[in-house]
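Peer 1: sequence and computational prediction follow.
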Amino acid sequence: MLLKIDKRLRTARLHREDCKRIPSPVGSVHKPIGKLGRDGGWFSVTSEAEASAVARTNFPQAKFDRCQFCQTTGKVAGSAAVVTQ
């Protein structure tokens, strides 16, 4: 699962690894992987609970939700997402 924190929209949205809404490649100068940048960031997580905790820690103002397009759930099929820079 991937968590996208968007500072401008004040959202923390949880996606499945195969979601079509995830850009390829994941991460950018302003939304890096594993940390917050100017516009937000991407974080690899293994559960909805972990995603919520990462969002609260890194950007408490964000509204946490699940992607409406990939319909993530609290369970992860298979292994955790592996994201490299």
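Peer 2: Here it is on my side, so go on. Numbers count the residues shown, from 1 in each chain.
Peer 1: now A12, nearest residue through space, not along the chain?
Peer 2: Spatial nearest neighbour of A12, excluding adjacent residues (CB to CB, 6 or more residues apart in numbering): A55 at 3.5 Å. Where you see a C-beta, it was placed from the backbone N, CA and C, and this is true even at glycine.
Peer 1: list the buried ones in the helix or strand where the one you found lies?
Peer 2: Under the criterion of DSSP states H and E, A55 resides in helix 48-58. Within helix 48-58, the residues that count as buried by 16 or more other CB atoms under 10 Å are 48, 50-52, 54-55, 58.
Peer 1: hmm, W42 and K31 touching each other?
Peer 2: Yes: between K31 and W42 there is a contact at 6.2 Å, judged by CB atoms under 8 Å.
Peer 1: overlap in contacts of the two?
Peer 2: Common neighbours of K31 and W42, counting by CB atoms under 8 Å, 6 or more residues apart in numbering, are K4.
Peer 1: those two: which has the busier surroundings?
Peer 2: Taking neighbours as other CB atoms under 10 Å, K31 and W42 compare with W42 leading, 23 against 20.
Peer 1: wasn't the more buried one part of a strand?
Peer 2: Yes: the assignment for W42 is a strand, going by DSSP: H, G, I helix; E, B strand; the rest coil.
Peer 1: and C19, how many neighbours?
Peer 2: Neighbour count of C19, defined by other CB under 10 Å: 17.
Peer 1: in this protein, where is pLDDT below threshold?
Peer 2: Within the chain, the segments meeting pLDDT under 70 span 72-85.
Peer 1: is the residue minimising distance to the centre of the chain in a helix, a strand, or coil?
Peer 2: Geometric centre of the chain, nearest residue: L3, 1.0 Å, by CA atoms, centre = their mean. What three-state DSSP gives for L3 is strand.
Peer 1: so who does it touch?
Peer 2: 12-15, 42-45, 51, 54-55.
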